[in-house]
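1. need a 3D model of the following:
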Amino acid sequence: MSVNLETIEFAKLYANVGKRWLSPDDLAKEYGFSKSTQAKMRMASNSSTIPFSKINGKYIRYDRYAIDQWLEEHQVKGGVK
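-> Residues are numbered from 1 along each chain as shown. The predicted structure is shown next:
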């Protein structure tokens, strides 16, 4: 039996979080992205495309773990003047 370190890290990070999969309303409340901004980011065909899943062809869901990774990858680092 092999141990997946990524799964263990996920469990540690999100032990106190109620649910992993977020609806557009949940994402708006927890992360501050309006539903219209979410729609634009889903349709973008560049690096700003937000990760999402579509269930039964109509229900949009966001994986909290993927959103957190995506946000880390898209940080803007300020320069020192």
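2. okay, CA-based contacts and neighbour counts for the rest of this
-> OK.
3. helices of the chain, start to end?
-> Applying DSSP state H to the chain gives helices spanning 5-13, 24-31, 35-43, 64-73.
4. out of the ones you listed, which gets the lowest mean score?
-> Ranked by mean pLDDT, the helices of the chain end with helix 5-13 at the bottom, a mean of 63.
5. now the residue nearest the centre of the chain. Nearest residue, chain neighbours left out?
-> By Cα atoms, centre = their mean, the chain has its centre lying nearest to I67, at 1.5 Å. Using Cα to Cα, 6 or more residues apart in numbering and skipping residues adjacent in sequence, the residue nearest I67 is P51, 6.6 Å away.
6. tell me who's in contact with that neighbour.
-> Residues near P51 by Cα atoms under 8 Å, 6 or more residues apart in numbering: 42, 62-63, 66-67, 70.
7. before we move on, the earlier item: quick one: which of the helices of the chain is nearest N56?
-> Smallest distance to N56 across the helices of the chain (Cα to Cα): 15.6 Å, for helix 24-31.
8. got a list of contacts for that closest one?
-> 33-35, 38, 60-62.
9. try it again with 7 Å
-> 33-35, 60-61 (Cα atoms under 7 Å, 6 or more residues apart in numbering).
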